[in-house]
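Undergrad: The following comprises the amino acid sequence and a computationally predicted model.
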Amino acid sequence: MEKAKLVQYRGGGYDGCIWEWNYAILIDNKFHDIYSSGCCGCDNIEKLVKYIKNKNIYYAYNLLDKKSIKDFTDNSNNDDIYNVAQYISENLGIDIFLTCTECNAEVLYTDVFLEGARGCGGIAITHDEIICQDCNSLYSCAYCQEFYGSDYDFDENGNCEDCQEKLKKSDIEGLERYIKENLFFGNTDTISAIKRLEILKA
């Protein structure tokens, strides 16, 4: 493999956006269209060469150089980084490492989650965070599995505030139902259920 260039250029846009980043790869003089869109999308090498010759905006990264790839991952959209890394790994056998937002670990795309979804104009959605599997496990709610980050205070069971309320409500409803069905018997379990209910409602 003599040369492997990732080209990032301004392709066509979508509803609410006049352009978006498109990607192509030139590897040993072979062209790979990762993503091309709209009027400026280049789905073959001739279009890409013409685009570059017309002095349009583009960036080129050496896929065989770690510093060059780091430049790409440090300055690009998280969703684009993930999609490009996936394509390159699956089709070319080249691994690009993504940086976890929480712990800064360098991990493969197969070992990350995209979090912090938000709108970014028009119909598009992007993600602000790349999270490795370890951080996702540590900083997600034990009940709903939603990621909150290292700054969030979970309860002793690892549950978020919303799930704490849901579980509390569920416990109260279950205890009330049990007490109603067994109050006549007045056994030890019923008395314990009444005491537990009082604590939950306090």
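TA: Structure's in. What do you need?

Undergrad: Phi first, then psi, for Tyr35.
TA: With angles defined as degrees, to the nearest 10, Tyr35 sits at phi -160, psi 130.

Undergrad: Spit out the contact partners of it.
TA: 11, 22-23, 83 (Cβ atoms under 8 Å, 6 or more residues apart in numbering). (Glycine included, C-beta is placed from N, CA and C.)

Undergrad: Who wins on neighbours among the residues you listed?
TA: Asn22 (25 neighbours; other Cβ atoms under 10 Å).

Undergrad: what is the closest residue to that residue other than its chain neighbours paired to in the beta sheet?
TA: Spatial nearest neighbour of Asn22, chain neighbours left out: Gly11 (3.1 Å); criterion: Cβ to Cβ, 6 or more residues apart in numbering. Counting by DSSP bridges, Gly11 is bridged to Glu20.

Undergrad: and Gly11, what does it touch?
TA: Contacts of Gly11 by Cβ under 8 Å, 6+ apart are 19-22, 35-38, 40-42.

Undergrad: With Lys5 instead?
TA: Contacts of Lys5 (Cβ under 8 Å, 6+ apart): 25-27, 60-63.

Undergrad: so where do the strands sit in the chain?
TA: 4-14, 17-27, 30-35, 58-62, 98-99, 106-107, 112-119, 125-132 (DSSP state E).

Undergrad: And those strands: which comes nearest Glu146?
TA: strand 112-119 (9.1 Å; Cβ to Cβ).

Undergrad: Paired strands for the closest one, with orientation please.
TA: strand 125-132 (antiparallel).

Undergrad: hang on, the earlier thing: got the contacts of Gly11 as JSON lines, with pLDDT columns?
TA: JSON lines is the format used below for the contacts of Gly11 (pLDDT from 0 to 100):
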{"residue": "Trp19", "pLDDT": "81"}
{"residue": "Glu20", "pLDDT": "86"}
{"residue": "Trp21", "pLDDT": "91"}
{"residue": "Asn22", "pLDDT": "94"}
{"residue": "Tyr35", "pLDDT": "92"}
{"residue": "Ser36", "pLDDT": "91"}
{"residue": "Ser37", "pLDDT": "86"}
{"residue": "Gly38", "pLDDT": "79"}
{"residue": "Cys40", "pLDDT": "85"}
{"residue": "Gly41", "pLDDT": "89"}
{"residue": "Cys42", "pLDDT": "92"}
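
Undergrad: Can you go through those and name the buried ones?
TA: 19-22, 35-37, 40-42 (16 or more other Cβ atoms under 10 Å).

Undergrad: how close does Leu114 sit to Glu129?
TA: Distance of Leu114 to Glu129, given as Cβ to Cβ, to the nearest Å: 7 Å.

Undergrad: list residues touching both of those two?
TA: Counting by Cβ under 8 Å, 6+ apart, the shared contacts of Leu114 and Glu129 are Asn78.
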